[in-house]
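Visitor: Output the structure for:
(chains A and B)
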Number of protein chains: 2
Amino acid sequence: MINSKMYELGSRRSVIREIFEYGKKRKAEIGEDKVFDFSIGNPSVESPEAVADRIKELLEVRPSTAVHGYTSAQGDPKARQAIADDLNRRFNTSFTGSNVYLTCGAAASLTISLRSIIDRDDQNVMVFAPFFTEYRVFIESMGAQISVVPASFPKLDLNLEAFRKMINEKTVAVILNSPNNPTGVVYSEEQIKELSAILEEKSREYNHPIYIISDEPYREITYGCKPPFITHYYKNSIICYSYSKGLSLPGERIGYILVPDVMPDWQKLYAAVCGAGRSLGFICAPTMFQHVITKCAPLTSDLSKYAANRELIYNGLSELGYECVRPDGAFYLFVKCLEEDANKFCMRAREYDLLLVPSDDFGCPGYVRIAYCVSADTIRNSMPAFKALAESYR
Amino acid sequence: MINSKMYELGSRRSVIREIFEYGKKRKAEIGEDKVFDFSIGNPSVESPEAVADRIKELLEVRPSTAVHGYTSAQGDPKARQAIADDLNRRFNTSFTGSNVYLTCGAAASLTISLRSIIDRDDQNVMVFAPFFTEYRVFIESMGAQISVVPASFPKLDLNLEAFRKMINEKTVAVILNSPNNPTGVVYSEEQIKELSAILEEKSREYNHPIYIISDEPYREITYGCKPPFITHYYKNSIICYSYSKGLSLPGERIGYILVPDVMPDWQKLYAAVCGAGRSLGFICAPTMFQHVITKCAPLTSDLSKYAANRELIYNGLSELGYECVRPDGAFYLFVKCLEEDANKFCMRAREYDLLLVPSDDFGCPGYVRIAYCVSADTIRNSMPAFKALAESYR
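Guide: Below is the predicted model of the structure:
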């Protein structure tokens, strides 16, 4: 009398977590600095000092019942307004706090958004390969089918030709993730426009809105390019955000869903978001970090370190002959394996104490994901290992 | 293309929240101290200073990436062990950190536990009236039927006769909530033993385990009695806990699920709990407060204030002729209305600026719930209003 799907999900851990656990063990054996762990997207850059200052201020100035007390389910009005203000300033939008629903991070943003839309189990939600592995878990557990649009080689941008063929009247949403995990690719304005045009056309044809769920935890981490802000292109967009990466607060579970004012009947979807959060067991987002966001929404960690890392690893591996997708954002590098089977390649890399994530679960076999949110030294010191790994294939 | 159930859940707010919003408006009109708001269970007692001290210590001593970084999905090993140690010390159990799964609070503990068990939509989960209103939302949204055991008058303890008649082969779990919200009743050891015996018998008869999901956020708040610790009586028990009430941290969303070592095959259910958390979009419990729990698990706020409030309100209302259930725990008083319709009674009470919650959604009409986690002055000052309300019925 146990839910067998849940048992399977819980016991067959994600590949990433498995590698992470192996890494911990191996580090204990041979030393932290001897293992080149590129497996997990845990930010390596400190939060801005303003975060700690704000926490200390809250503890000094307010009674603890005010700091730690419930907010309304949607979040504290000041935090919601601060988020709207920050977006308006940067993206020339006109949101208010009423468009913002605070969440326990990006995963919660996604499950709540999906739950608010999905109504029947024959519906489908589309994703573009390669895609973050948990999308499959979230879509299926919120009761719909996942429909995977195959990858577009060699740029790994949006395969819109395939998308147009695959979308159907049971499609209720498409998840967009730019900058992308696992590739670091930022989709171009041209592609976003084309995607929007297809969705407009198909929404009319099927006579129901098809939402873009824009999962943007890496929005702040870009290298000389700006991801197009989705609500300017497509009104039926829901933005899922998290401060995990931009403010280096992954464990604190603080993010938001934005249901934009430009969406027709946005209040209705917003109400469904509130209902979905309630039904999944989310009461409110962690309050202390809501109050942190009220002050720190416009800030980021020192993201220039990721830019430096990206140069180091992209140039280093390219020079060694690895075929890499040049990332425009996030802190991931997607690298073609030196043999067909990515799992075998990763096991071979492990012999050189390189911990890489095989791409199979991202829906795009034959690659590895390298999370370069590590110290620059880790990247530098790993180069001989990458070199030896390449040589082992000659 | 919106999930209509979610829309309904989100737009038709809970009665409690509606009253809460009315209260805010009314306070702005006539002054904070003129409105006697007994609607919401937001702790009024400050957290122990050790909580703030621990937060400051974390910010001083550790790099922010360690304070705010991901933990494993189950939670930080030290926090899990601290919780096990605290339980073992107090309840003479032998749990380890492996039995503990940290959650984003009690609601998350419940949805995750339910999700880990419920496998088919013809299954049912039983609750004893009066029950916390959100149980219905959680059970239904996790895909099962709710089966409400009628209240047992006048003590409002467990109606075990009705329970025995209603349990059936589709029953997978029963939620137990002691001290109870909304009554403050603590179920006796005798009743727990009898309930356990019925469940043992029925589990054998139906050839599958029937779980007790013990929702215990008020465990620390009792007045001279100790709620029996459930795993001593029934092995197939899952404990859902939250530090919201005991440590006055409701907004921080920190709690746990305990899958006890005495449960046969507990590892399997624990794995299903991990899978269920993952599927609902919970990544890990908020990390800073995990690290707070590592230090503060054995502590509580100064709960004696609730004991004093309970005397004040119970004695005060009894003297005025109200029929009250004497609470042994939590910070709620359940009071019989002076007319049949609790909603009408609450509207009449509003004329005296008394904000009370009608009991209909708790599955036990004709009562009101009074949350006395307020200042003693609020209780004292409210007595003339209660008196006038009673007189208006003469």
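Visitor: which bits of the stretch 201-350 of chain A sit near chain B?
Guide: Residues of the stretch 201-350 of chain A that fall close to chain B, judged by Cβ under 8 Å from any Cβ of the partner chain: A:208-211, A:248-253, A:268-290. For glycine as for every other residue, the C-beta is placed from the backbone atoms N, C-alpha and C.
Visitor: Helices of chain A, start to end?
Guide: Ranges of helices in chain A, per DSSP state H, are A:4-11, A:15-30, A:49-61, A:64-68, A:77-91, A:106-117, A:134-141, A:160-166, A:189-206, A:266-280, A:287-296, A:304-319, A:342-351, A:376-391.
Visitor: quick one: which of those helices is nearest A:Val149?
Guide: A:Val149 lies closest to helix A:160-166 among those, at 4.9 Å (Cβ to Cβ).
Visitor: sorry, back to before: just the buried residues out of the residues of the stretch 201-350 of chain A next to chain B, in ChimeraX syntax.
Guide: Selecting only the buried entries of those in ChimeraX, with 16 or more other Cβ atoms under 10 Å in any protein chain shown as the criterion:
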select /A:209,210,211,248,249,250,251,252,253,268,269,270,271,272,273,274,275,276,277,278,279,280,281,282,283,284,285,286,287,288,289,290
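Visitor: Rank the helices and strands of chain A by mean pLDDT and give me the bottom one.
Guide: helix A:15-30 (a mean of 87; mean pLDDT, DSSP states H and E).
Visitor: quick one: that helix to chain centroid distance?
Guide: 23 Å (Cα atoms, centre = their mean, to the nearest Å).
Visitor: Determine which residue lies closest to the centroid of chain A.
Guide: Nearest to the mean C-alpha position of chain A, counting by Cα atoms, centre = their mean, stands A:Pro217 at 4.8 Å.
Visitor: circling back: of the helices of chain A, which stretch is the most buried?
Guide: The highest mean neighbour count among the helices of chain A, using mean count of other Cβ atoms under 10 Å in any protein chain shown, belongs to helix A:106-117: a mean of 28.
Visitor: got the CA coordinates for that helix in CSV?
Guide: Provided in CSV are the C-alpha atoms of helix A:106-117 (Å, rounded to 0.1, in the frame of the first residue of the first chain):
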residue,chain,number,x,y,z
ALA,A,106,11.6,27.3,-9.2
ALA,A,107,10.4,23.7,-8.8
ALA,A,108,7.4,24.9,-6.9
SER,A,109,6.8,27.6,-9.5
LEU,A,110,6.7,24.9,-12.2
THR,A,111,4.5,22.4,-10.4
ILE,A,112,2.1,25.1,-9.4
SER,A,113,1.9,26.6,-12.8
LEU,A,114,1.4,23.2,-14.4
ARG,A,115,-1.3,22.3,-11.9
SER,A,116,-3.1,25.5,-12.5
ILE,A,117,-3.5,24.7,-16.2
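Visitor: relative orientation of it and helix A:134-141 in degrees?
Guide: 30 degrees (axes from the mean of the first three to the mean of the last three Cα atoms, to 10 degrees).
Visitor: Next, see if helix A:106-117 gets close to chain B.
Guide: Yes: between helix A:106-117 and chain B, judged by Cβ under 8 Å from any Cβ, the touching residues are A:Ala107, A:Ala108, A:Ser109, A:Leu110, A:Thr111, A:Ile112, A:Arg115, A:Ser116, A:Ile117.
Visitor: which of these sit farthest apart?
Guide: Taking Cβ to Cβ, no two of those sit farther apart than A:Ala107 and A:Ile117, at 16.4 Å.
Visitor: ok, the residue nearest to the centre of chain A to chain B distance?
Guide: Separation of A:Pro217 from chain B (Cβ to the nearest Cβ, to the nearest Å) stands at 12 Å.
Visitor: My guess is that residue contacts A:Ala108. True?
Guide: No: A:Pro217 lies out of contact with A:Ala108 (Cβ atoms under 8 Å); the separation is 11.9 Å.
Visitor: ok so, going back, and which of the residues of helix A:106-117 next to chain B is nearest to A:Ala388?
Guide: Using Cβ to Cβ, A:Ala107 is the member of the residues of helix A:106-117 next to chain B that sits closest to A:Ala388, with 36.8 Å.
Visitor: Quick one, grab the pLDDT at the nearest residue to that closest one once chain neighbours are set aside.
Guide: Nearest non-adjacent residue to A:Ala107, counting by Cβ to Cβ, 6 or more residues apart in numbering or on different chains: B:Gly281, 4.1 Å away. Listed pLDDT for B:Gly281 reads 96.
Visitor: Do I have it right that B:Gly281 meets A:Leu110?
Guide: Yes: using Cβ under 8 Å, B:Gly281 is in contact with A:Leu110, at 6.2 Å.
Visitor: any shared contact partners between these two?
Guide: Taking Cβ atoms under 8 Å, 6 or more residues apart in numbering or on different chains as the contact rule, B:Gly281 and A:Leu110 both touch A:Phe138.
Visitor: still on that earlier bit, the residue nearest to the centre of chain A: what's it in contact with?
Guide: A:Ala106, A:Asn181, A:Cys240, A:Tyr241, A:Ser242, A:Ser244, A:Lys245, A:Gly246, A:Gly255.
Visitor: same check, this time on A:Glu339
Guide: A:Phe345, A:Arg348, A:Tyr393.
Visitor: again, only using 7 Å
Guide: A:Glu339 makes contact with A:Phe345, A:Tyr393 under the criterion Cβ atoms under 7 Å, 6 or more residues apart in numbering or on different chains.
Visitor: Kindly report the same for the one 5 residues further on.
Guide: A:Lys344 is in contact with no residue at all, counting by Cβ under 7 Å, 6+ apart.
Visitor: what's the spacing between it and A:Leu356?
Guide: 12 Å (Cβ to Cβ, to the nearest Å).
Visitor: can you list residues touching both of those two?
Guide: Common neighbours of A:Lys344 and A:Leu356, using Cβ under 7 Å, 6+ apart, do not exist here.
Visitor: In space, what's closest to A:Ser196 - neighbours in sequence excluded?
Guide: Spatial nearest neighbour of A:Ser196, excluding adjacent residues (Cβ to Cβ, 6+ apart): A:Tyr234 at 4.1 Å.
Visitor: what's the burial count for that neighbour?
Guide: If you count neighbours by other Cβ atoms under 10 Å in any protein chain shown, A:Tyr234 ends up with 25.
Visitor: Done for today, thanks.
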